[in-house]
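Participant: Sharing a model that was predicted from the sequence below.
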Amino acid sequence: MRANDEAAAALQEYAELFALSGGDAFRVRSYQKAAKAIAGFPDDIAAVDVRGVPGVGEAIAKKMEEFLQRGSFRQLDDLRARVPEGVRRLTRVPSLGPKTAIMLYEEFGIDSTSALGEAIASGRLDGVKGLGPKTLANLLKGIEQLEQSSRRVHIGIATALAEQVMASLRAERIGHAGSLRRMKDTIGDIDILAVAPPSIMADFRAQPYVAEVIAAGDKKTSVRTTSGVQVDLRVVPAGSWGAAMQYFTGSKEHNVAVRELAVKKGWKLSEYGLFDGDRVIAAESEEDIYDALGMQYVPPPLRQGGDEVRAALRGELPDLVELSDLKGDLHTHTDLTDGIATLEDMVAAAHARGYAYYAVTDHAPDLTMQRMTLDKALEQRERLARLQERYPGMRLLHGTELNIAPDGSVDWPEEVLRGFDVCVASVHSHFTMSRDEMTRRFIAACENPYVDVIGHPTTRKIGKRAGVDADWDAVFRAAARTGTALEIDSYPDRSDLPSDLVRLARHHGVKFAIDSDSHAIPHLEHQRFGIGIAQRAWLTADDVINTWPLHRLLTFLGR
DNA sequence: GCCGTTTTCGGCCCGACTGTTTTCAGTCG
């Protein structure tokens, strides 16, 4: 993890603890704002003065400097000691905020979600002021949701941790396998393979990110990291690298299918190689193994144990969309609404990525907290037009992220919508409508001729909120019929659409936009996670509108 | 805590929703 992300996480934790200990709400907001700005700051704060980050003054700068020196700061240590861990977990329950968490702890001694569950079940909280029967029932439901989701982390967290682990170890060869390599949107634990001397295990156990050693052997060491995620490190022989990668990448179902192929030929496939008796047929590279079995190389995101093995035997695997196919980004924000970087900085960062086009899509007025007005949007359009002169090779598109109201309507009338190059439309509230109402809502949005892309369609937040309920077949048919693209929102805690729904939508003839939904410059890189979702859904470049050349994209947008 | 063409104090995104209450507190985006 970058120093910025670690420092921001510590500050964010401090903000939470500060709120839980009854601290001033404006100060809480200051800490949160600064944490967001530090995480999104393009330069390494270990290398530059952190006071240069907007929202960071003298007090926060001191805390961050202490953090960079010793991995914590005094005020954070104090609050960690004062606020029980269980109380912090209470606030992760949806609809349970700091006020209620403090009250439950101080009045009833409840310091964990399980204690809360028992207290509700036993009737101990019946008749408590502010906690009616509906609230208690909602809390129980929230606890259940939390317990189901808390064992896995989203791919953004897992990727950062895996990269940190690999960078911290010296090896002749090192790489990650498992569900992370298959680009699943959530990851249970991280598998790292290495070709290295035995001493790597001791080095691994001594790393500062290790909280607990679960198992320590010559071939495998398992630890729980300070972030709570388990990491397994396996040392493999150099000659078996490909076989080990193939074996530990999985999925289990994929490996069963591939091993059956080997058995049919009278061979044996293990993590040490593909063998005919004692003779090694292939072991050093995955490509050799798949080749020897008479099939195409199967890219990890496709190894799900579905029909990829059959397709690979027939030579019918798709030519998957790659990160390098993307020619632009169609959903990004600036500090005009809830982004933290200026229009000029976001555009410059997009240009540095070599895009052929780039859309700025700040929020529209119906999300009142964003304070957007038509005047502000038009002024931004002027600024963008002036910026365009500086970037002749990159077409700047002025867009907006509209809000889909419960009836499926959006923020502005047609004459205003007509003026945008691209309109993304997304659901941001009213998540609990009935399936029928929600389906009608999405279909109405698709039928709006100015809506080009449905943003983060299920609105799920991994570990926090389940997706909305809708008849997706009906929604996808409407999207295909109206020429409305569905977004693959690459922001890792969204990962939305999820790959199974992408595959279903593709079946209906839908096109997709792989967007970063960036609120800061580093977020532009998140598109790699969206590519993973697209690959798991077998998408080719032709399925993704932001791989298309500009003129084809503009034709699709109908502008 | 931060911030400043209304600068060193007094503001700080604010409206909707839910479940509770009998006029509102807490939570969320």
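Facilitator: That came through fine.

Participant: which bits of the stretch 1-150 of chain A sit near DNA strand B?
Facilitator: Residues of the stretch 1-150 of chain A lying close to DNA strand B by CB under 7 Å from any atom of the strand are A:24, A:26-27, A:29-31, A:34, A:54-61, A:75, A:94-101, A:129-136, A:138. For glycine as for every other residue, the C-beta is placed from the backbone atoms N, C-alpha and C.

Participant: Spell out which residues of the stretch 301-450 of chain A are next to DNA strand B.
Facilitator: Checking the stretch 301-450 of chain A against DNA strand B by CB under 7 Å from any atom of the strand, the hits are A:338, A:367-371, A:428-430, A:432.

Participant: if we take these, which one ends up nearest to A:I488?
Facilitator: Proximity of these to A:I488 was ranked by CB to CB; the top entry is A:H428 with 18.1 Å.

Participant: Torsion angles phi and psi at the residue nearest to that closest one when sequence neighbours are not counted?
Facilitator: Nearest in space to A:H428, with sequence neighbours left out and distances taken as CB to CB, 6 or more residues apart in numbering, is A:N403 at 5.4 Å. Dihedral pair for A:N403: phi -100, psi 130, per degrees, to the nearest 10.

Participant: ok, the closest residue to DNA strand B within the stretch 1-150 of chain A - contacts?
Facilitator: Residue nearest to DNA strand B within the stretch 1-150 of chain A: A:G132 (1.6 Å; CB to the nearest atom of the strand). Residues near A:G132 by CB atoms under 8 Å, 6 or more residues apart in numbering: none.

Participant: swap the cut-off to 10 Å and go again
Facilitator: The contact partners of A:G132, by CB atoms under 10 Å, 6 or more residues apart in numbering, come to A:126, A:138.

Participant: And for A:A520?
Facilitator: So A:A520 contacts A:36-37, A:39-42, A:332-335, A:339-341, A:345-346, A:349 (CB under 10 Å, 6+ apart).

Participant: Among the residues you listed, which ones are in helices?
Facilitator: A:36-37, A:39, A:345-346, A:349 (DSSP state H).

Participant: thinking again about what came up before, whichever of the residues of the stretch 1-150 of chain A next to DNA strand B end up buried, select them in ChimeraX.
Facilitator: Those of these that count as buried under 16 or more other CB atoms under 10 Å are selected in ChimeraX with:
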select /A:30,31,34,55,56,60,61,94,96,98,100,101,131,135,136
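
Participant: From the ones in helices among the contacts of A:A520, pick the one nearest A:P457.
Facilitator: Among the ones in helices among the contacts of A:A520, and counting by CB to CB, the member closest to A:P457 is A:M346, at 24.0 Å.

Participant: isn't the closest one right up against A:V360?
Facilitator: Yes - under the criterion of CB atoms under 10 Å, A:M346 makes contact with A:V360 at 7.0 Å.

Participant: just checking, A:P94 touches A:L139?
Facilitator: Yes - using CB under 10 Å, A:P94 and A:L139 qualify as a contacting pair, with a distance of 8.7 Å.

Participant: among the residues of the stretch 301-450 of chain A next to DNA strand B, which are in helices?
Facilitator: Assigned to helices by DSSP H, none of these qualify.

Participant: For the residue nearest to A:H428, give me its contacts.
Facilitator: Contacts of A:N403 (CB under 10 Å, 6+ apart): A:363-368, A:370, A:409-411, A:425-429, A:455.

Participant: Around the nearest residue to A:A46 once chain neighbours are set aside, how many other residues sit close by?
Facilitator: Closest residue in space to A:A46, ignoring its immediate chain neighbours: A:A3 at 4.3 Å, by CB to CB, 6+ apart. The local packing count at A:A3 equals 16, with neighbours defined by other CB atoms under 10 Å.

Participant: Could you check how far A:A3 is from A:D345?
Facilitator: Applying CB to CB, to the nearest Å, the value for A:A3 to A:D345 is 20 Å.

Participant: just A:E525 next, same as before
Facilitator: 15 Å.

Participant: again with A:T226
Facilitator: 32 Å.

Participant: Enumerate every residue touching the residue minimising distance to the centre of chain A.
Facilitator: Against the mean C-alpha coordinate of chain A, by CA atoms, centre = their mean, the closest residue is A:P492 at 0.5 Å. Contact partners of A:P492, counting by CB under 10 Å, 6+ apart, are A:153-160, A:185-186, A:462, A:523, A:526, A:528-530, A:532.

Participant: and if you look at A:D366?
Facilitator: With CB under 10 Å, 6+ apart, A:D366 has these contacts: A:372, A:402-405, A:409-412, A:428-429.
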